[in-house]
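Trainee: Output the structure for:
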Amino acid sequence: MPLLPLSGKSLRLTRLSRPGDGKFLIVPMDHSVADGPIADAAGFSRIVGDVVAAGADAIVVHKGRARSIEPGLLKGAALIVHLSASTPHALDGDAKVLVGGVEEAVRAGADAVSVHINIGSDTEKRQLADLGAVSASCDRWGMPLLAMMYARGPRIQDPRDPALLAHVVGIAVDLGADLVKTVAADTAEDMAGIVAKTPVPVVLAGGPGGGRGLSDFAHFAMDTGCRGLAVGRQVFHSPDPAAAVRTLTAAVHGPRPETAPKTTSLPELAGAM
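Mentor: Now for the predicted structure:
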C-alpha cells in the first residue's frame, strides 16, 4: 500500500491490515438486519472471538451491535461500523437507506465505516447522494470508507458483466471511497482488468462455498490483484468459523502456492465442488 500523509484516516487504514501488508480479510457480520439473528448473544460473542483469534483483520457490524462487543474480543482486529440497511420485507429490497452516521461510528470507536450501494436500483439516485454525503463526512472525521458496490435492480441483466463491474467500482472511487467491496467477474482476466482500473484497494465479496472451494476462491481473488476478501456467511455459517478464517487468512496474507492454477474461472470453481 502506498505511503499516505500522516492523518487520522491513514492511521485508521493501517489498522485494517493487521500484518501491515496492505491486504485485508474482512468478516462482515451486519447481516442480522436483513436476515435475522446470526446467533444468540453468547454465540455471537464466541464467533467474534474465534474469527479474530484466527486472523481476521476486521469485522463489520451495525452501531448497536458494536456496543455489545467486549473490547477485549477484538484483540487488535479493526471495527467497521456499517451505515446502510434494508430488509427483504420492504417493497424494494434493493433500496438501501442510511441508518447511522460517521460521528456515531467515531463515538463507537470504529476504525472505518461502510455503506452499501445498489447501482441500477429504483432508488439509485438517493443511494448515490448518501454515498457522497458519507464520503464528505469521512473526510471531516478522518474515517476510512468501505463502499460495498453491487449492480442490482430491475434493469440489471448480468451483475458480473466486467464492463458494468468496472463502472460500479469506478463510481465508488469517484465519490471518495477508500476501499471497494464488490462481486467477482467470471474470469480472472476480467477481474484483473477491473482491478487495474481501480486506484484504491478492491476486496471481493463472498465465495462459492466452504472447504477447498473457499480456498480456491480466495486464491482466485488474490491472483487477480485484489487486495483481499470480505466473507461473511461462509464464515459465520461454517461449522468451524475459525477454520474458515484460517483458510482465508492463508490466501490473503500468506505466500501464493506456485502449483495453484492462476486463471481458473468462477464457473469452473463451482463445478469442481
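
Trainee: Now that Met29 has come up, it's in contact with Arg233, right?
Mentor: No. Counting by Cβ atoms under 8 Å, Met29 stays clear of Arg233, with 9.7 Å between them. C-beta here means a position set from N, CA and C on the backbone, and glycine is covered the same way.

Trainee: Of these two, give the one with the bigger neighbour count.
Mentor: Met29 (24 against 14; other Cβ atoms under 10 Å).

Trainee: How much space separates Ala151 from Gly49?
Mentor: Going from Ala151 to Gly49 by Cβ to Cβ, to the nearest Å gives 35 Å.

Trainee: Between the two, which is the more surrounded one?
Mentor: Using other Cβ under 10 Å, the more surrounded residue of Ala151 and Gly49 is Ala151, with 22 against 18.

Trainee: where does the nearest residue to that one once chain neighbours are set aside land on pLDDT?
Mentor: Setting aside the residues directly before and after it, Ala151 is nearest to Pro159 in space (Cβ to Cβ, 6 or more residues apart in numbering), at 4.4 Å. On pLDDT, Pro159 comes in at 95.

Trainee: How about Arg256?
Mentor: As predicted, Arg256 sits at a pLDDT of 70.

Trainee: Can you report phi and psi for the residue sitting nearest the centre point of the chain?
Mentor: What sits nearest the mean C-alpha location of the chain, by Cα atoms, centre = their mean, is Ala230, with 3.7 Å. Per-residue torsions, Ala230: phi -130, psi 100 (degrees, to the nearest 10).

Trainee: bridging residues for it?
Mentor: Ile26, Ala205 (DSSP bridges).

Trainee: Need the three-state assignment for Asp92.
Mentor: Judged by DSSP: H, G, I helix; E, B strand; the rest coil, the three-state class of Asp92 is coil.

Trainee: cool, Thr247 as well?
Mentor: Under three-state DSSP, Thr247 falls in the helix class.

Trainee: Can you list the residue ranges for strands in the stretch 1-150 of the chain?
Mentor: In the stretch 1-150 of the chain, the segments counted as strands under DSSP state E, counting those that start in this stretch are 24-28, 58-62, 78-82, 84-85, 97-98, 112-119, 145-151.

Trainee: and among those, the most buried is which?
Mentor: Among the strands of the stretch 1-150 of the chain, strand 24-28 has the highest mean neighbour count (mean count of other Cβ atoms under 10 Å), at a mean of 27.

Trainee: Give me the mean pLDDT for that one.
Mentor: Across strand 24-28, the average pLDDT comes to 98.

Trainee: tell me the angle of that strand relative to strand 145-151?
Mentor: For strand 24-28 against strand 145-151, the angle by axes from the mean of the first three to the mean of the last three Cα atoms, to 10 degrees is 70 degrees.

Trainee: Just the CA atoms of strand 24-28, as PDB, please.
Mentor: Extracted in PDB, the C-alpha atoms of strand 24-28 (Å, rounded to 0.1, in the frame of the first residue of the first chain):
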ATOM      1  CA  PHE A  24      -7.400  -7.200   4.100                       C
ATOM      2  CA  LEU A  25      -9.500 -10.100   5.400                       C
ATOM      3  CA  ILE A  26     -12.800  -8.600   6.500                       C
ATOM      4  CA  VAL A  27     -15.600 -10.600   8.000                       C
ATOM      5  CA  PRO A  28     -19.000  -8.800   7.600                       C
END
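
Trainee: Centre of the chain to that strand, how far?
Mentor: Counting by Cα atoms, centre = their mean, to the nearest Å, strand 24-28 is centred 6 Å from the centre of its parent chain.

Trainee: Stretch 103-114 now?
Mentor: Stretch 103-114 sits 16 Å away from the centroid of its parent chain (Cα atoms, centre = their mean).

Trainee: Could you pull out the buried residues of it?
Mentor: Under the neighbour-count criterion of 16 or more other Cβ atoms under 10 Å, stretch 103-114 has Glu104, Ala105, Val106, Ala108, Ala110, Asp111, Ala112, Val113, Ser114 buried.

Trainee: all strands in the stretch 151-273 of the chain, in order from the N-terminus.
Mentor: Using DSSP E, counting those that start in this stretch, strands in the stretch 151-273 of the chain cover 179-182, 202-205, 228-230.
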